[in-house]
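K.L.:
Sequence first, then the predicted structure:
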Amino acid sequence: MEKYKNESTERSPLIDFDLIKGSLLIKGRSIAEDALEFYKPLLSALDLYSTSVKPLTLVTIELEYFNTPSAISILEIFKKLESIQKQGTNVIINWKYEEEDIMESGEDYQTLVDLPFRMIQM
């Protein structure tokens, strides 16, 4: 697999993960009722990526809103990225936000995982 992509809907974000370049974009709204099921293919793609990581893994999160089940899945994504970073790649999280509550969520994640976050106000 070279790329995992899932187009956005009213309830789910765009996910664009280029395993060759080491870039991941999650953008939009994440209010899927079964977030664990929605994010499962991305978690599998991250497992595959972990077998041949790039020197830099750039992650951009640009969520305008996400529900609690999505928040749990996003934490799982960050935990996988934390494991990937331990393999020697430099993981950078660009956390883009418009609203203060989304910024605060990014700050909360930053305290839960050992990954560098760049907080970027849009």
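P.N.:
Structure received.
K.L.:
Give the other helices and strands that the lengthiest helix in the chain contacts.
P.N.:
The residue-count maximum for a helix in the chain (DSSP state H) belongs to helix 68-85. For helix 68-85, the elements it packs on are strand 23-30, helix 35-49, strand 56-66, strand 90-97, helix 100-112, judged by 3 or more CB pairs under 8 Å, 6 or more residues apart in numbering; DSSP states H and E. All C-beta spots, glycine's among them, are computed from the backbone N, C-alpha and C.
K.L.:
and of the ones you listed, who's closest to residue 77?
P.N.:
With CB to CB as the criterion, residue 77 lies closest to helix 35-49 of the helices and strands packed on helix 68-85, at 6.7 Å.
K.L.:
angle of that closest one against strand 23-30?
P.N.:
180 degrees (axes from the mean of the first three to the mean of the last three CA atoms, to 10 degrees).
K.L.:
then helix 35-49 to CSV, C-alphas only?
P.N.:
C-alpha atoms of helix 35-49 as CSV (Å, rounded to 0.1, in the frame of the first residue of the first chain):
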residue,chain,number,x,y,z
ALA,A,35,-15.2,6.0,15.3
LEU,A,36,-13.2,2.9,16.2
GLU,A,37,-14.5,1.2,13.0
PHE,A,38,-13.9,4.3,10.9
TYR,A,39,-10.3,4.8,12.0
LYS,A,40,-9.4,1.1,11.9
PRO,A,41,-8.1,1.2,8.3
LEU,A,42,-5.9,4.2,9.2
LEU,A,43,-4.5,2.4,12.2
SER,A,44,-3.7,-0.6,10.0
ALA,A,45,-2.0,1.7,7.5
LEU,A,46,0.1,3.1,10.3
ASP,A,47,1.1,-0.4,11.3
LEU,A,48,2.2,-1.0,7.8
TYR,A,49,4.0,2.3,7.7
